[in-house]
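Student: Need the 3D shape of this:
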Amino acid sequence: MNKRILSVCLFMLVFLQTAGCGLTVKTDQEIIRTAYENLSENTKKTIVDWENAKIEIEKSNDSAGYLVGGPNGVVSTKGKDTYMITFQTDEHEVSLGPVCVFLDQYSYDFIGVGLRD
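Tutor: Got it, this is the predicted structure:
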């Protein structure tokens with residue numbers, strides 16, 4: 001009986017480790033790199049020290065959301081848990097401000113770039 005319980009426990013341990021939730025956890029640097037790689041070449045040229053971008057978590061129930069320029073036009077982040085990655089630019093003092101990239105918090109998919117003044 002003890003061998004059977006041990007076998008079941010071992011099976012469950014192996015199953016949970018291999019199946020998991022299907023989520024991949026990225027480091028802060030990987031998140032920043034993913035965001036940076038989704039910017040246009042022209043925008044990348046304005047970024048200052050991209051490796052030190054700021055990451056914030058935006059929970060869907062904490063904010064009204066942002067309007068962002070996505071691959072298929074303007075979309076809202078309302079109702080989505082996102083990472084907002086803020087890159088400082090050399091245009092920061094010219095009134096355009098920083099570049100904010102939004103990624104889905106769970107899949108790390110690119111949602112869009114925050115609209116700038």
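Student: The residue positioned nearest the centre of the chain: helix or strand, and which one exactly?
Tutor: The structure's the chain has its C-alpha centroid closest to Leu103; by Cα atoms, centre = their mean the separation is 3.4 Å. Taking DSSP states H and E as the definition, Leu103 sits inside strand 99-104.
Student: likewise Ile111?
Tutor: strand 110-114.
Student: Apart from its chain neighbours, what residue comes closest to Asn38?
Tutor: Using Cβ to Cβ, 6 or more residues apart in numbering and skipping the chain neighbours, the partner closest in space to Asn38 is Phe110 (4.3 Å). In this view, the C-beta of every residue, glycine as well, is placed from N, C-alpha and C.
Student: Can you name the residues bridging to the one you found?
Tutor: Leu103 (DSSP bridges).
Student: Report the contact partners of it.
Tutor: By Cβ atoms under 8 Å, 6 or more residues apart in numbering, Phe110 lies in contact with Thr34, Ala35, Asn38, Gly70, Pro71, Val101, Phe102, Leu103.
Student: Counting neighbours, which of those residues end up buried?
Tutor: Thr34, Ala35, Asn38, Val101, Phe102, Leu103 (16 or more other Cβ atoms under 10 Å).
Student: what's the last one in contact with, if anything?
Tutor: With contacts defined as Cβ under 8 Å, 6+ apart, Leu103 is in contact with Ile31, Thr34, Ala35, Thr82, Tyr83, Ile85, Asp109, Phe110, Ile111.
Student: And the first one, its phi and psi?
Tutor: This means Ile31. For Ile31, the backbone dihedrals (degrees, to the nearest 10) come out as phi -60, psi -50.
Student: ok, now how distant is it from Ala64?
Tutor: 23 Å (Cβ to Cβ, to the nearest Å).
Student: count of neighbours near Arg33?
Tutor: By other Cβ atoms under 10 Å, 16 other residues sit near Arg33.
Student: Wasn't it part of a helix?
Tutor: Yes: according to DSSP: H, G, I helix; E, B strand; the rest coil, Arg33 belongs to a helix.
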